[in-house]
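Enquirer: got a sequence here, can you model it:
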Amino acid sequence: MPGVRQTVTTEAPRDRVFAYVDDYRHVPSWMFGVTKFTPVTEQTSGLGATYEASMKIGPKNLKSTLRVTEWVENETVVLTSIAGFDVQTGWRFADGDDGRTVVDAYFDYRLPGGLAGRALGAIIEPVVGQAVKQTESALRAAVEDGDAA
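Expert: Numbering: from 1, shown residues only. Model (predicted):
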């Protein structure tokens with residue numbers, strides 16, 4: 001499964017960074033390309049919470065239904081697609097030096113086979129690295145500037 005991994009170090013404390021990432025209402029403001037991230041279950045956080053998501057990458061709008069498949073407060077959030085675009089994305093949070101937080105993030109995806117998959121890959125793959133960098137910058141700015149309420 002192709003994907004991207006990134007480590008982000010932020011000046012914000014771990015509980016604040018985790019709370020921000022875990023709050024579905026913030027996702028479109030920091031995750032590159034996400035235009036919609038809406039809960040479809042009453043549970044909006046933690047193991048089993050499920051969301052409808054739309055992500056615009058280039059001219060393509062990708063839709064997916066994502067479920068939280070791993071969740072440990074202040075440590076881990078993993079979302080796995082159960083319908084639509086096949087993706088798994090996760091964040092692991094650890095204490096860094098001097099009150100900093102280290103976030104290991106990944107975004108893995110599976111493209112469909114055949115011509116459709118190759119065409120989609122040609123659109124997605126060139127922007128994935130850029131998307132991760134932009135996501136990292138937006139997340140760091142939000143949690144360090146105090147917007148992570």
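
Enquirer: now the strands for this protein?
Expert: Assigned by DSSP state E, the chain shows strands spanning 3-10, 34-39, 50-57, 60-72, 76-84, 86-95, 101-110.

Enquirer: give me the angle between the shortest one and strand 60-72.
Expert: Spelled out, that is strand 34-39. Between the axis of strand 34-39 and that of strand 60-72 there is an angle of 40 degrees, by axes from the mean of the first three to the mean of the last three C-alpha atoms, to 10 degrees.

Enquirer: can you give me the buried ones in strand 34-39?
Expert: Within strand 34-39, the residues scored as buried using 16 or more other C-beta atoms under 10 Å are 34, 37. No exception for glycine: its C-beta is placed from N, CA and C like everyone else's.

Enquirer: so for that strand, mean pLDDT?
Expert: Mean pLDDT, strand 34-39: 95.

Enquirer: what packs against that strand?
Expert: For strand 34-39, the elements it packs on are helix 27-30, strand 50-57, judged by 3 or more C-beta pairs under 8 Å, 6 or more residues apart in numbering; DSSP states H and E.

Enquirer: what would these look like in a markdown table with mean pLDDT and distance to Q88?
Expert: Output for these, formatted as a markdown table (pLDDT from 0 to 100; distance: least, C-beta to C-beta, whole Å):
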| stretch | mean pLDDT | distance to Q88 |
| --- | --- | --- |
| helix 27-30 | 90 | 16 |
| strand 50-57 | 92 | 13 |
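
Enquirer: among these, which comes closest to K36?
Expert: strand 50-57 (4.0 Å; C-beta to C-beta).

Enquirer: returning to what we had before: what's the closest of the helices and strands packed on strand 34-39 to T135?
Expert: Closest among the helices and strands packed on strand 34-39, using C-beta to C-beta: helix 27-30, at 6.3 Å.

Enquirer: related to what we said a few turns ago, tell me which of the helices and strands packed on strand 34-39 sits nearest to V87.
Expert: Once the helices and strands packed on strand 34-39 are compared by C-beta to C-beta, strand 50-57 is nearest, at 8.6 Å.
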